[in-house]
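In: Please work out how this folds:
(one chain, ligands or ions: 1)
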Amino acid sequence: MKLDLRGVSVALDGHAIVHEADLLVDDGEFVALVGPNGCGKSTLLRTIYRALKPSAGLIAVDGDDVHRLPARQAARRTAVVAQEIPADLDFTVAEIVAMGRTPYRPDAAADAERYARALDRVGLAGAADRIFATLSGGEKQRVLLARALVQETRLLLLDEPTSHLDIRHQLEILHLVRELGSEVGIATLAVLHDLNQAAAFCDRLYVMSAGRIVAGGPPGQVLTPELISQVYGVRAVQRPQLVFERLKEEA
Ligand SMILES: Nc1ncnc2c1ncn2[C@@H]1O[C@H](COP(=O)(O)OP(=O)(O)OP(=O)(O)O)[C@@H](O)[C@H]1O
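Out: Take a look at the predicted model:
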């Protein structure tokens, strides 16, 4: 699965928000999109998952223009965990996760197994019967990731997937995304704010600033103090710091 953006521009209410973005995500790659608040990251992601239409340019998934694919086909290729967590959903966790199978024919036994496996992977085995609205923000975020997993797409789009998570669950999710890439070749494009985490987990990253992609490549090459100072207006200093890792390798 390859995501290929060429010259993508997006306007909202007549305001140009994203300017001529070029971006690639290859099979199995974990690619981050970083940049300051308001620079256009979510707008670009929303355009890839068809919530917005580009004003110019092409977004291809496996060679096909996503904005011309029938909805069901598009949903079989790309799953998304958006930034907004739906509120007031009177559904159980199992019902929310099952929504990920909408693009497919139902198969009760296989689907039940898929839901259990996905909830287990996000650390929520046993939560299937909980009411979604009663979960914590971090639990909801993990349920929404489980819903994206059962969609069984080759491309995952994640908008700040760790924003509600404590440090242990952040690491679990980032490791999970890496595993999905290396074990089953799932490609991920994720908006991340933590530059150290992006550097530690991603194969490559793109930096956006004021609606433009201003740099792209392996984190070590891209995240220089000069670039960080230009884009974020802060000085980057390397210091001894606490580095968080999982206690043990979990299956
Ligand atoms: N309908 C609109 N009309 C005009 N400008 C808009 C509209 N909707 C959003 N914007 C602006 O577009 C810009 C990009 O927003 P976007 O949510 O894509 O940024 P972001 O990089 O994801 O930010 P954050 O890191 O804060 O989530 C922001 O300045 C926002 O105020």
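
In: ok, residues contacting the helix or strand bottoming out on mean pLDDT in the chain?
Out: Lowest mean confidence among the helices and strands of the chain (mean pLDDT, DSSP states H and E): helix 167-184, at a mean of 90. The contact list for helix 167-184 (Cβ atoms under 8 Å, 6 or more residues apart in numbering) reads 28-30, 121-123, 138, 142, 145, 149, 156, 158, 161-162, 165, 186-188, 190, 197, 200-201, 203, 244-246, 250. (C-beta placed from N, C-alpha, C; glycine too.)

In: Report the contact partners of His19.
Out: For His19, the contact set (Cβ under 8 Å, 6+ apart) comprises 9, 211-212.

In: what about Leu176, neighbour count?
Out: 19 (other Cβ atoms under 10 Å).

In: And it, how close does it get to the ligand?
Out: 22 Å (Cβ to the nearest ligand atom, to the nearest Å).

In: and if you look at Ala127?
Out: Counting by Cβ to the nearest ligand atom, the separation of Ala127 from the ligand is 28 Å.

In: Next, give phi and psi for that residue.
Out: Ala127 adopts backbone torsions of phi -100, psi 10, taken as degrees, to the nearest 10.

In: Residue ranges of each domain in this protein, please.
Out: Domains of the chain are assigned by the TED database as 1-77+153-250, 87-152.

In: What is the end-to-end distance of the shortest one?
Out: Distance across domain 87-152, first residue to last, is 25 Å (Cα to Cα, to the nearest Å).

In: Tell me how far it lies from the chain's centre.
Out: 17 Å (Cα atoms, centre = their mean, to the nearest Å).

In: try stretch 56-66
Out: Distance, centroid of stretch 56-66 to centroid of chain: 18 Å (Cα atoms, centre = their mean).

In: what does stretch 231-243 give?
Out: 24 Å.

In: Please put the alpha-carbon coordinates of that stretch into PDB.
Out: In PDB, the C-alpha atoms belonging to stretch 231-243 read as follows (Å, rounded to 0.1, in the frame of the first residue of the first chain):
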ATOM      1  CA  VAL A 231       9.600  26.200  12.400                       C
ATOM      2  CA  TYR A 232       8.700  26.300  16.100                       C
ATOM      3  CA  GLY A 233      10.600  29.400  17.300                       C
ATOM      4  CA  VAL A 234      12.400  27.600  20.100                       C
ATOM      5  CA  ARG A 235      15.900  26.500  20.700                       C
ATOM      6  CA  ALA A 236      16.600  22.800  20.700                       C
ATOM      7  CA  VAL A 237      19.100  21.700  23.300                       C
ATOM      8  CA  GLN A 238      20.300  18.100  23.900                       C
ATOM      9  CA  ARG A 239      20.500  17.300  27.600                       C
ATOM     10  CA  PRO A 240      20.400  14.200  29.700                       C
ATOM     11  CA  GLN A 241      16.700  13.400  30.200                       C
ATOM     12  CA  LEU A 242      14.400  10.600  31.300                       C
ATOM     13  CA  VAL A 243      13.800   8.200  28.500                       C
END
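
In: Give the buried residues for that stretch.
Out: Within stretch 231-243, the residues that count as buried by 16 or more other Cβ atoms under 10 Å are 231-232.

In: Residues contacting it, please?
Out: 35-36, 207, 209, 214, 223-225, 228-229.

In: hmm, back to that, mind listing what the helix or strand following the least confident helix or strand of the chain pairs with, with the direction of each?
Out: Next helix or strand after helix 167-184 toward the C-terminus (DSSP states H and E): strand 187-191. Using DSSP bridges, the strands paired with strand 187-191 are strand 30-34 (parallel), strand 155-159 (parallel).

In: Glu95: which of those strands is closest?
Out: Ranking the strands paired with strand 187-191 by their distance to Glu95 (criterion: Cβ to Cβ) puts strand 155-159 first, at 21.3 Å.
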